[in-house]
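**Student:** With the sequence up front, the predicted model follows.
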Amino acid sequence: MSAAAILDLGKIPSKVNPELQSERDCSSLTPYISEITAIVDGGRNNTEKRRQIERILFKDPLFRDCAIDSVYKPRDEMYARGVERSVRLFALKEEYNWTDEEFGIAVYVINHQYSLGLHTVMFIPALERLSTEQQKAKWLHLARNYQIIGTYAQTELGHGTNLQGLETIATYDATTEEFILNTPTVTSIKWWPGALGKSVNYAIILATLIIDGKKHGMHPFLTPLRSTEDHKPLPGVKVGDIGPKLTFNTVDNGYLILNNVRIPRENMLMKNAQVSREGHFTSRGPSKANYSAMILVRVTIVNWCSVILSNSSTITVRYSAVRRQSTLDSSSEKESKILDYQTQQYKVFPSLATAYALFFVSKTLKNRYLKTYAEIMKGNFKNLPEIHCQSAGMKALSAEMTVELLEISRQACGGHGYLAASALGDAVASAKALVTVEGENTVLYLQVARYLMKRFAAAVSGERLSGSTEYLCMDPIKYSCPINSPGDCMNVSLLCQVYRFRAYRMISKAARMLQRDIEGGKKQHKAMNDNLVQLVRAARAHLLYCMMVDYKESMNQLQISVPVSKALNNLLVFFTVFNIVKNAGDFLETESIGLPQMEWLKETEVKMLAEIRPDAVSLVDAFDIHDNTHGSVLGCYDGNVYERMLKSTQNEPLNQCDVHYSFHQHLKPFLQRNNTSKL
Ligand SMILES: CC/C=C\C/C=C\C/C=C\C/C=C\CCCCC(=O)SCCNC(=O)CCNC(=O)[C@H](O)C(C)(C)COP(=O)(O)OP(=O)(O)OC[C@H]1O[C@@H](n2cnc3c(N)ncnc32)[C@H](O)[C@@H]1OP(=O)(O)O
Ligand SMILES: Cc1cc2nc3c(=O)[nH]c(=O)nc-3n(C[C@H](O)[C@H](O)[C@H](O)COP(=O)(O)OP(=O)(O)OC[C@H]3O[C@@H](n4cnc5c(N)ncnc54)[C@H](O)[C@@H]3O)c2cc1C
């Protein structure tokens, strides 16, 4: 490129960067990319549907730069733009008659860059799950048609995890047939709910029900917060934004203070518990039935993790195939592509493999959830504990993996990964929210551990188990490591047996430690607290085993061509081996494998890096993520990284003039303090 052309910062070459083109030309997977894309989209029709939605959205400038433009804007402008995008999105849904699924695709296409997500992610699902049929008939269509906009207000300043500790109260007044809502203490103030600060006019408020001075647990109350005329807070309501966050600053997460706010009796969502006109309380189903909206969101988060990693691996793989630095071979005239360094592959391919793994795992989890949800809707709660354990646990494990891998992805792009225009910093910060929202990760692991301890005790007492804990009935004496040669390390079924035994051993160890402490005279709560770390380790081991089984079985169900099968199987083997090596200490300590097997696995792990390398670009191309969706100058399809970086500087407000006003205000008087301007 000539110097003159370089100075024209707006120019992006019309051709694909030859570095990336050569990757596509050399990968034997390239002709089969559309087959993988169809798997990821759930069918070729869905791919076409998504692309059509992309065309609709990205012809509108409001959506075109959505993934990145917020970097350059002050908070209130970001929020206003987020609201504008929400409204445009809702209008497009109506105009094109999009189904909920198609609307979900549109949200994915704009990378969640809108303000009113909570209305769709939690408000509507909570209305569906917590309302009676009569209440659904009254409220659901209003929410679906955006006549009311709502959020899910559960967390308070003082309590997010401990729902029994929530202090917001709803006191029933039988004389007027109303509930009176109050946040009587500083710690009871609702704090965090998305879109609460400035946007919504309704909220489902989770509050402790009090009738005649008696507490009846936490229940949902559909509460109007703002006037539908002028959007002003209603009497007794004080509401606002909680301030800027690490990211998601288009969203107005809010606080809410309630002072004797009265709502009609019919506004308590009464699917699971009822209050009669006279103030008589009844309930049906398990006491945790009101927690059901949280299960759905946890299932959804596993899918978000897969999407986040698909975005980030698209960026890091493409960038690593374009970037050259130093050389592997001193006789070579060209520097090496950083993707050719084994260490770079070891930074980048775990994310790629995990993106695929979580895609398959989240699909299985969603199907399992839908089956259980259908049973629950018919009044059968038998599988509720199992789906609670699976959804809470998979959310925690996927979010933990995603945060860890994303940070490594950012580092894999060197200095440029630190630039906002790489989009990786924002992705890391967004993913960080996922270990906290919808149940803090440690707390969720402990829920899984609690379930495992119960199931283990049942197995020991001779009960036959089913579901994810069936294996706890195993006889550990019969185990011998199934890996008998280096070749066995490629056999995922054998590796799953290894994962299973490690989980069994870690769960039985936690149970033994608890039993030892209780038999030694410790009180139950003290024994629990003294073993929480081992309990979390046991939960992780169980979840990783479940993840491997779900991934393997989901892959087994695919009907695919030989090249696609080979490429996806490489990722499956790599993911399975990588997570053993990563947790080597546990696998050795539990004698699930021995030292020779660990050596073989480490050799297999690096061998798989070389197997994946030729198809790496095709494997990210197969995600078919629109450049406007990932929004990174480093990861565009055309690979014109440096030109895009230069062009992005035009967006920087500091660059809108040659001499900044601060020069005249501050620097100039300072420089001229000794009258040196004539130098
Ligand atoms: C591509 C994507 C791009 C971008 C997106 C990225 C990022 C997005 C980031 C931002 C997010 C946007 C939207 C997210 C929205 C987030 C909204 C929220 O956070 S809402 C608030 C969520 N709050 C929680 O999750 C609270 C966590 N706490 C709990 O769940 C519970 O209190 C507890 C910790 C599980 C314990 O409950 P409790 O105190 O009642 O405990 P007990 O000990 O009395 O009872 C335990 C008993 O209950 C059973 N149980 C617990 N939970 C459930 C459940 N949900 N369902 C069924 N059963 C449950 C448990 O098994 C025990 O049973 P037992 O052993 O007694 O039989
Ligand atoms: C971006 C974002 C969006 C959110 N959106 C919403 C929303 O829309 N609606 C809503 O209601 N809420 C929302 N929240 C709140 C969120 O659900 C809570 O922050 C989350 O559930 C964690 O609770 P906490 O903040 O009380 O953490 P805490 O429970 O205070 O956690 C702090 C530490 O204490 C530890 N800890 C706590 N309890 C235990 C225990 N029993 N055993 C062992 N360790 C424990 C945790 O492991 C953690 O290390 C949002 C939060 C964020 C960050």
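**Tutor:** Great, that's in hand. All values derive from a computational prediction rather than experimental measurement. Ligands and ions are numbered 1, 2, ... in the order given.
**Student:** from here on, contacts and neighbour counts on C-alpha atoms
**Tutor:** OK.
**Student:** tell me what the helix or strand residue 451 falls within is packed against?
**Tutor:** Per DSSP states H and E: residue 451 is located in helix 441-460. If you count contacts as 3 or more Cα pairs under 8 Å, 6 or more residues apart in numbering; DSSP states H and E, helix 441-460 packs onto helix 384-412, helix 492-519, helix 532-556.
**Student:** Need the contact partners of it.
**Tutor:** 161, 385, 389-390, 392-393, 395-397, 400, 435, 464-465, 469, 472-473, 507-508, 511, 532, 535-536, 538-540 (Cα atoms under 8 Å, 6 or more residues apart in numbering).
**Student:** Pull out the buried residues from those.
**Tutor:** Among the contacts of helix 441-460, the ones that count as buried by 16 or more other Cα atoms under 10 Å are 161, 389-390, 392-393, 395-397, 400, 435, 469, 472-473, 507-508, 511, 532, 535-536, 538-540.
**Student:** Contact partners for the closest residue to residue 423 other than its chain neighbours?
**Tutor:** In this structure, residue 423 finds its nearest non-sequential neighbour in residue 632, 5.0 Å apart by Cα to Cα, 6 or more residues apart in numbering. Shown in contact with residue 632 (Cα under 8 Å, 6+ apart): 68, 315, 421, 422, 423, 424.
**Student:** rewinding a little: compare the helices and strands packed on helix 441-460 and give me the one nearest residue 11.
**Tutor:** helix 384-412 (26.2 Å; Cα to Cα).
**Student:** Tell me how far the helix or strand just after that closest one lies from the chain's centre.
**Tutor:** For helix 384-412, the following helix or strand on the C-terminal side (DSSP H and E) is helix 424-434. Computed by Cα atoms, centre = their mean, to the nearest Å, the chain-centroid distance of helix 424-434 equals 9 Å.
**Student:** gap between residue 391 and residue 18?
**Tutor:** 44 Å (Cα to Cα, to the nearest Å).
**Student:** who's more crowded, these two?
**Tutor:** Looking at residue 391 and residue 18 with other Cα atoms under 10 Å, you find the greater number of neighbours at residue 391, namely 27 against 14.
**Student:** out of the helices and strands packed on helix 441-460, which comes closest to residue 595?
**Tutor:** helix 492-519 (13.7 Å).
**Student:** just checking, what packs against the closest one?
**Tutor:** Applying 3+ Cα pairs under 8 Å, 6+ apart, one finds that helix 492-519 contacts helix 441-460, helix 524-529, helix 532-556, helix 562-582.
**Student:** And the ones you listed: which comes nearest ligand 2?
**Tutor:** With Cα to the nearest ligand atom as the measure, helix 441-460 is the member of the helices and strands packed on helix 492-519 nearest ligand 2 (4.6 Å).
**Student:** List the buried residues in that closest one.
**Tutor:** Residues of helix 441-460 classed as buried by neighbour count (16+ other Cα under 10 Å): 441-453, 455-456, 459.
**Student:** which residues does whichever residue of the stretch 551-679 of the chain sits closest to ligand 2 contact?
**Tutor:** Using Cα to the nearest ligand atom, the closest approach of the stretch 551-679 of the chain to ligand 2 is made by residue 630 at 19.9 Å. By Cα under 8 Å, 6+ apart, the contact list for residue 630 reads 67, 111, 311, 312, 315, 423.
**Student:** List phi and psi for the fifth one.
**Tutor:** By that I understand residue 315. Main-chain torsions, residue 315, degrees, to the nearest 10: phi -70, psi -50.
**Student:** Can you get me a residue count around it?
**Tutor:** As a burial measure, residue 315 scores 30 neighbours (other Cα under 10 Å).
**Student:** Give the other helices and strands that the helix or strand residue 35 falls within contacts.
**Tutor:** Assigned by DSSP H and E, residue 35 belongs to helix 33-41. Applying 3+ Cα pairs under 8 Å, 6+ apart, we find helix 33-41 packed against helix 44-58, helix 616-621.
**Student:** Out of these, which one sits most buried?
**Tutor:** helix 616-621 (a mean of 26; mean count of other Cα atoms under 10 Å).
**Student:** next structured bit after it?
**Tutor:** Helix 616-621 is succeeded, C-terminally, by helix 627-630 (DSSP H and E).
**Student:** mean confidence for that next one?
**Tutor:** Averaged over helix 627-630, pLDDT sits at 97.
**Student:** After that helix, which helix or strand is next?
**Tutor:** As assigned by DSSP H and E, the chain's next helix or strand after helix 627-630 is helix 641-648.
**Student:** Tell me how far that following helix lies from the chain's centre.
**Tutor:** With Cα atoms, centre = their mean, you get 29 Å for helix 641-648.
**Student:** Can I get that helix in PDB, CA atoms only?
**Tutor:** The C-alpha trace of helix 641-648 is given here as PDB (Å, rounded to 0.1, in the frame of the first residue of the first chain):
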ATOM      1  CA  VAL A 641      -6.700  -6.100  10.600                       C
ATOM      2  CA  TYR A 642      -4.200  -3.200  10.300                       C
ATOM      3  CA  GLU A 643      -6.400  -1.100   7.900                       C
ATOM      4  CA  ARG A 644      -9.400  -1.600  10.200                       C
ATOM      5  CA  MET A 645      -7.400  -0.600  13.200                       C
ATOM      6  CA  LEU A 646      -6.300   2.600  11.500                       C
ATOM      7  CA  LYS A 647      -9.900   3.300  10.300                       C
ATOM      8  CA  SER A 648     -11.200   2.800  13.900                       C
END
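**Student:** who's in contact with residue 378?
**Tutor:** Residues near residue 378 by Cα under 8 Å, 6+ apart: none.
**Student:** can you list the residues of the stretch 1-150 of the chain near ligand 1?
**Tutor:** 111, 112 (Cα under 6 Å from any ligand atom).
**Student:** will you turn the helices and strands packed on helix 33-41 into CSV that also has mean pLDDT and distance to residue 284?
**Tutor:** Shown next, in CSV, are these (pLDDT from 0 to 100; distance: least, Cα to Cα, whole Å):
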stretch, mean pLDDT, distance to residue 284
helix 44-58, 98, 40
helix 616-621, 98, 48
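**Student:** which one of the ones you listed lies closest to residue 327?
**Tutor:** Residue 327 sits nearest to helix 616-621 of all the helices and strands packed on helix 33-41, at 20.3 Å, using Cα to Cα.
**Student:** got the contact list for the closest one?
**Tutor:** Applying Cα under 8 Å, 6+ apart, the contact partners of helix 616-621 are 20, 23-24, 27, 29-30, 33, 310, 313-314, 317-318, 321, 352, 637.
**Student:** hmm, try it at 7 Å
**Tutor:** 23, 24, 27, 29, 30, 33, 313, 314, 317, 318 (Cα atoms under 7 Å, 6 or more residues apart in numbering).
**Student:** Thought residue 351 was touching residue 575, still the case?
**Tutor:** No - between residue 575 and residue 351 there is no contact under Cα atoms under 7 Å: 9.3 Å.
**Student:** The longest helix along the chain versus helix 33-41: what angle between them?
**Tutor:** Across the chain, the helix with the greatest residue count (assigned by DSSP state H) is helix 342-377. Counting by axes from the mean of the first three to the mean of the last three Cα atoms, to 10 degrees, helix 342-377 lies at 40 degrees to helix 33-41.
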